[in-house]
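Student: Sequence isn't available, so here's the structure alone:
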């Protein structure tokens, strides 16, 4: 068996009892960085009562994004930020869109390089994340923001 | 409430009346750059009559990709292109796959760095995009192409 | 008509007979590089008997990722690897998370820049990939690993 993984059986649901649920989720950020919200998503999935299906997480912004990343060692998140800060530096003279601040256009580029949406299969009432996977909102602006994520779940 | 967002209520659909729709969409490009097709997708979603569910947009190419980006200021799209042109320059001697042109391998790399697919929850008959979010096909080749995108919608 | 594409008709399924299937898939890697598993996914989709719907592929790791890329010329895959090796070099002094090896933090960054999940519409019992598109697991660690991918299919 796979070490470190909950075993997930194969299944085929032949009944037709599929239903769906959706909810917005607000995440308040205190500026640039990764904000884990795995537990809030797990809680919502559990509340819906849907045991098996597909969870979709969508961020309604273009200067924040989503990442599934390691949640064991906080150094990983700091190193990710260091990498993006070097690859897409604030105030880069390449950019002409500067009216909203030196960190605005870099925020759009960072969002383009990461994810606007993540789909995660749900099994046994829980998102089928790997052992070390956490779900993060990546705030790319220096200032804190109130970010909205849409959750959608379809299944049985 | 969230300023600038249409308010989206939470819901759980306990009936089992889920259905689905799908359609190919052709996008003609005139060479490298971002082509917004949000309105065409909104129109199609509306035509299906499905009010709440999950929309999936998939591009059937490896030298064009998808992006959800800001649609307010066209400078943002030009700056995005400037960034990718610097990060993945045409004719880079690093690349050995040059038989299809100096812009072909850079196009594959740009596609790998952005998205092949985007999933967007649908609420009240419309994709639940944020106020400033538009859906774009990103043409990475210099020449114009006829690109095919697959739309899929499942819901109620 | 679109040259090089199987023609995909538009459709709207008004019956409510949606059902779903899911399965884990193990992919053994022999170190860094792209591993195509398109045929295994095609085989599984076919086995489920679901003809039209949405396939989701999710990788349960943060140092391996997914890519839809060209499967015609193996040079493309080697050039992709060359690009990522230059962009995110092993042993980069920028990184502090080095306890798991000089290639571990670069693996997390490469995963962040590519995909954790891909959704692909299914039409006529097959994923609606373009003619040149293949589905790849991208192993970012130097050593071989046993990787787990979750497949989910919902449709009719």
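Tutor: Nice, thanks for sending it over. Since the model is a prediction, treat every value here as computed from it, not as a measurement.

Student: what about chain A, any weak spots by pLDDT?
Tutor: Within chain A, the segments meeting pLDDT under 70 span A:1-16.

Student: can you give me the strands for it?
Tutor: Per DSSP state E, chain A carries strands over the ranges A:11-13, A:19-28, A:33-36, A:53-59, A:64-70, A:117-123, A:126-127, A:133-139, A:146-155.

Student: out of those, deepest packed?
Tutor: Neighbour counts (mean count of other Cβ atoms under 10 Å in any protein chain shown) averaged over each of these peak at strand A:53-59, with a mean of 26. (Each C-beta comes from the backbone N, C-alpha and C, glycine too.)

Student: Okay, angle between it and strand B:133-139 too, please.
Tutor: If you take axes from the mean of the first three to the mean of the last three Cα atoms, to 10 degrees, strand A:53-59 sits at 100 degrees to strand B:133-139.

Student: wait, does strand A:53-59 make contact with chain B?
Tutor: Yes: using Cβ under 8 Å from any Cβ of the partner chain, strand A:53-59 reaches chain B at A:54, A:56, A:58, A:59.

Student: what about the residue in chain A positioned nearest to chain B, neighbour count?
Tutor: Using Cβ to the nearest Cβ, the closest approach of chain A to chain B is made by residue A:60 at 3.3 Å. Counted by other Cβ atoms under 10 Å in any protein chain shown, the residues lying close to residue A:60 total 25.

Student: Now tabulate the strands of chain A in CSV and tack on distance to residue C:125.
Tutor: Below are the strands of chain A laid out as CSV (distance: least, Cβ to Cβ, whole Å):
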stretch, distance to residue C:125
strand A:11-13, 14
strand A:19-28, 24
strand A:33-36, 39
strand A:53-59, 19
strand A:64-70, 29
strand A:117-123, 20
strand A:126-127, 28
strand A:133-139, 31
strand A:146-155, 21
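
Student: So for chain A, the centremost residue is which one?
Tutor: residue A:66 (3.4 Å; Cα atoms, centre = their mean).

Student: measure the nearest residue to it once chain neighbours are set aside to residue B:72 for me?
Tutor: Closest residue to residue A:66 apart from its sequence neighbours, by Cβ to Cβ, 6 or more residues apart in numbering or on different chains: residue A:115 at 4.5 Å. Between residue A:115 and residue B:72 the computed distance is 21 Å (Cβ to Cβ, to the nearest Å).

Student: Neighbour count for those two, which is higher?
Tutor: Neighbour count, other Cβ under 10 Å: between residue A:115 and residue B:72, residue A:115 has more, with 24 against 12.

Student: tell me the contacts of that one?
Tutor: Counting by Cβ atoms under 8 Å, 6 or more residues apart in numbering or on different chains, residue A:115 makes contact with A:65, A:66, A:67, A:68, B:115, C:115, C:116.

Student: Start and end of stretch A:134-145, how far apart?
Tutor: 21 Å (Cα to Cα, to the nearest Å).

Student: Need the contact partners of the helix ranked longest in chain A.
Tutor: As assigned by DSSP state H, the longest helix anywhere in chain A is helix A:74-87. Contact partners of helix A:74-87, identified using Cβ under 8 Å, 6+ apart, comprise A:32-34, A:67, A:69-70, A:110, A:113, A:136, A:140, B:87, C:62, C:87-88, C:94-97, C:105, C:108-109, C:112.

Student: Now it: buried residues?
Tutor: Neighbour-count burial for helix A:74-87, counted by 16 or more other Cβ atoms under 10 Å in any protein chain shown, picks out A:76, A:77, A:79, A:80, A:81, A:82, A:83, A:84, A:87.

Student: rewinding a little: filter the residues of strand A:53-59 next to chain B by proximity to chain C?
Tutor: With the criterion set as Cβ under 8 Å from any Cβ, the members of the residues of strand A:53-59 next to chain B near chain C are residue A:54.

Student: ok, the residues of strand A:53-59 next to chain B vs chain C, which is closest?
Tutor: Comparing the residues of strand A:53-59 next to chain B against chain C with Cβ to the nearest Cβ places residue A:54 closest, at 5.4 Å.

Student: wait, that closest one sits on residue A:156?
Tutor: No: using Cβ atoms under 8 Å, residue A:54 is not in contact with residue A:156; the gap is 10.8 Å.

Student: Would stretch A:28-47 count as contacting chain C?
Tutor: No: counting by Cβ under 8 Å from any Cβ, chain C has no neighbours in stretch A:28-47; the shortest distance is 10.1 Å.

Student: Span of that stretch from start to end?
Tutor: Start-to-end span of stretch A:28-47 (Cα to Cα) is 22 Å.

Student: just stretch A:93-112 next, same as before
Tutor: By Cα to Cα, the extent of stretch A:93-112 from end to end equals 19 Å.

Student: Which positions within that stretch qualify as buried?
Tutor: By neighbour count on 16+ other Cβ under 10 Å, the buried set for stretch A:93-112 is A:95, A:97, A:100-101, A:103-112.

Student: Okay, and which of these map to helices?
Tutor: Using DSSP H, these in helices are A:104, A:105, A:106, A:107, A:108, A:109, A:110, A:111, A:112.

Student: Adding distance to chain C, write those residues out as CSV.
Tutor: Listed next are those as CSV, based on distance: Cβ to the nearest Cβ, whole Å:
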residue, distance to chain C
A:104, 21
A:105, 18
A:106, 15
A:107, 15
A:108, 16
A:109, 12
A:110, 10
A:111, 12
A:112, 11
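
Student: Run through those residues and flag the ones next to chain B.
Tutor: Applying Cβ under 8 Å from any Cβ to these, one finds that A:105, A:108, A:109, A:111, A:112 fall near chain B.

Student: Let me see the contact set for the residue lying closest to residue A:63 once chain neighbours are set aside.
Tutor: Distance criterion Cβ to Cβ, 6+ apart; nearest residue to residue A:63, sequence neighbours excluded, is residue A:107 at 3.6 Å. When contacts are counted by Cβ under 8 Å, 6+ apart, residue A:107 touches A:62, A:63, A:64, A:140, A:141.

Student: who does residue A:59 bridge with?
Tutor: Applying DSSP bridges to residue A:59 yields these beta-bridge partners: residue A:149.

Student: And for residue A:35?
Tutor: With DSSP bridges as the criterion, residue A:35 is bridged to residue A:137.

Student: okay but it is in contact with residue A:27, surely?
Tutor: Yes: shown here, residue A:35 and residue A:27 form a contact pair, counting by Cβ under 8 Å, at 5.9 Å.

Student: what's the overlap in contacts for the two?
Tutor: In terms of Cβ under 8 Å, 6+ apart, residue A:35 and residue A:27 are both contacted by the residues residue A:137.

Student: OK, now which residue of chain A is nearest to chain C?
Tutor: Scanning chain A for the residue nearest chain C gives residue A:130, at 3.3 Å (criterion: Cβ to the nearest Cβ).

Student: For that residue, which non-adjacent residue is closest in space?
Tutor: Using Cβ to Cβ, 6+ apart and skipping the chain neighbours, the partner closest in space to residue A:130 is residue C:60 (3.3 Å).
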